[in-house]
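Engineer: From the sequence below, what's the structure:
(one chain, ligands or ions: 1)
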Amino acid sequence: MIPYHSDDSVIELRRLHRNFGKTRAVDDVSFSVPRGTVFGYIGPNGAGKTTSMRILATLELPTLGDAYVDGFSVVNDPDHVRRRLGFMPDAFGTYPSVNCHEYIDFYARAYGLAGRQRHQRVRWVMDFTRLDGIAEKPIRGLSKGMKQRLCLGRALVHDPAVLILDEPAAGLDPRARIELRRMIRALAEDGKTVLVSSHILTELAEMCDRVGIIEQGRLLATGSVDEIQRQQRTHREFVVRVIDHRDTAVQMLESNDHVSHLIVDGELVRFQYEGDVTHQATLLASLIAAGVSVAEFSSHARSLEDVFMQVTEGLVQ
Ligand SMILES: Nc1ncnc2c1ncn2[C@@H]1O[C@H](COP(=O)(O)OP(=O)(O)OP(=O)(O)O)[C@@H](O)[C@H]1O
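Structural biologist: Modelled structure (predicted):
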């Protein structure tokens, strides 16, 4: 079978749909991930991340559309896909009395590795994921961070070109999260292509080259974290402190086409403003010309969490 490649994309979702009864778990999602890059798949609970990842891992079939891993279709060539892909699910099936080394070795055998090649690969995985210090420890005694490293090790054992990691940082302490980020970046620098999910944008921001934000099955925005932040900057948050003629100020702001989400909080009037700096200057001048006493007129850049909240309110659709 000749693989399909539209460009240098190693992961590609093309108009992917997956329905469960009336639930549109994945609703017309398309994006691609170039070789050697990390793509963050971000969305709230129930957004459709796991379903898309399970389709890529050939554990679920799409209702419509297709997805490609290294050019091979998950629908038509699942065997080729499986050989190229390591999947780290969000739930970890445990074998409590098996130790870490036995677990990784078992998966190496399951992937058909034998003899010296298996020995070397298991050693590499144990070293890379820092499991070698706890090689003899039974799985039942592992911390959450150790279990996540073991699960990542399992996904790496057959040296796949593509990694699909479903919420790998969930429940990790800050140190374990930093270690995970380093490992994922090292894998990308080694040429692997990574799709990693989370419901927290800040958790992924530093490790991802690009991110996609998904909600209710629909992809709302894609781009680098900077690009997404810049797209949202047109909606800046403003705070105006009005010490006299507040009602006039509110009336003027409410009738301004660039103003939305206005909240009055004592002397403070907060709102979102969609307009460039010239419009902002005109707005301030017109408030003062109307006799409003403005003691403060300020805007602030939105945090990543604000951006996420705004995107997932559907403002970008
Ligand atoms: N096997 C299934 N049968 C019925 N509905 C399902 C099934 N799998 C997922 N869903 C539904 O599809 C939607 C998307 O779920 P999915 O698990 O893909 O979201 P998610 O973004 O991974 O969420 P979370 O962060 O909570 O894991 C949800 O409404 C979920 O209830």
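Engineer: all contacts plus neighbour counts: C-alpha atoms, from now on.
Structural biologist: Fine.
Engineer: And the lengthiest helix in the chain, what does it pack against?
Structural biologist: Criterion DSSP state H: the longest helix present in the chain is helix 174-189. In terms of contacts (3 or more C-alpha pairs under 8 Å, 6 or more residues apart in numbering; DSSP states H and E), helix 174-189 is packed against strand 38-42, strand 193-198.
Engineer: Take the strand or helix carrying residue 103, keep the C-alpha atoms, and write them as CSV.
Structural biologist: Element membership of residue 103 [criterion: DSSP states H and E] is helix 100-110. What follows is helix 100-110, C-alpha atoms only, in CSV (Å, rounded to 0.1, in the frame of the first residue of the first chain):
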residue,chain,number,x,y,z
CYS,A,100,8.8,-2.1,35.8
HIS,A,101,11.5,-4.0,33.8
GLU,A,102,9.2,-7.0,33.3
TYR,A,103,6.4,-4.7,32.0
ILE,A,104,8.6,-2.9,29.4
ASP,A,105,10.2,-6.2,28.4
PHE,A,106,6.8,-7.8,27.9
TYR,A,107,5.7,-5.0,25.6
ALA,A,108,9.0,-5.3,23.7
ARG,A,109,8.4,-9.0,23.1
ALA,A,110,4.8,-8.2,22.1
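Engineer: which of the residues in the helix or strand just after it are buried?
Structural biologist: Counting by DSSP H and E, the next helix or strand C-terminal to helix 100-110 is helix 115-128. Across helix 115-128, burial judged by 16 or more other C-alpha atoms under 10 Å covers 118, 121-126, 128.
Engineer: Report the mean per-residue pLDDT for helix 115-128.
Structural biologist: Mean pLDDT, computed over helix 115-128, is 96.
Engineer: Send me that helix as CSV with only the CA atoms.
Structural biologist: Presented in CSV, the C-alpha positions along helix 115-128 are these (Å, rounded to 0.1, in the frame of the first residue of the first chain):
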residue,chain,number,x,y,z
GLY,A,115,17.6,-11.0,21.4
ARG,A,116,20.1,-8.1,21.5
GLN,A,117,17.8,-5.7,19.8
ARG,A,118,15.2,-6.2,22.5
HIS,A,119,17.7,-6.0,25.3
GLN,A,120,19.1,-2.7,23.9
ARG,A,121,15.7,-1.2,23.3
VAL,A,122,14.5,-2.0,26.8
ARG,A,123,17.7,-0.6,28.3
TRP,A,124,17.2,2.6,26.3
VAL,A,125,13.6,3.0,27.4
MET,A,126,14.4,2.3,31.0
ASP,A,127,17.2,4.9,30.9
PHE,A,128,15.2,7.6,29.0
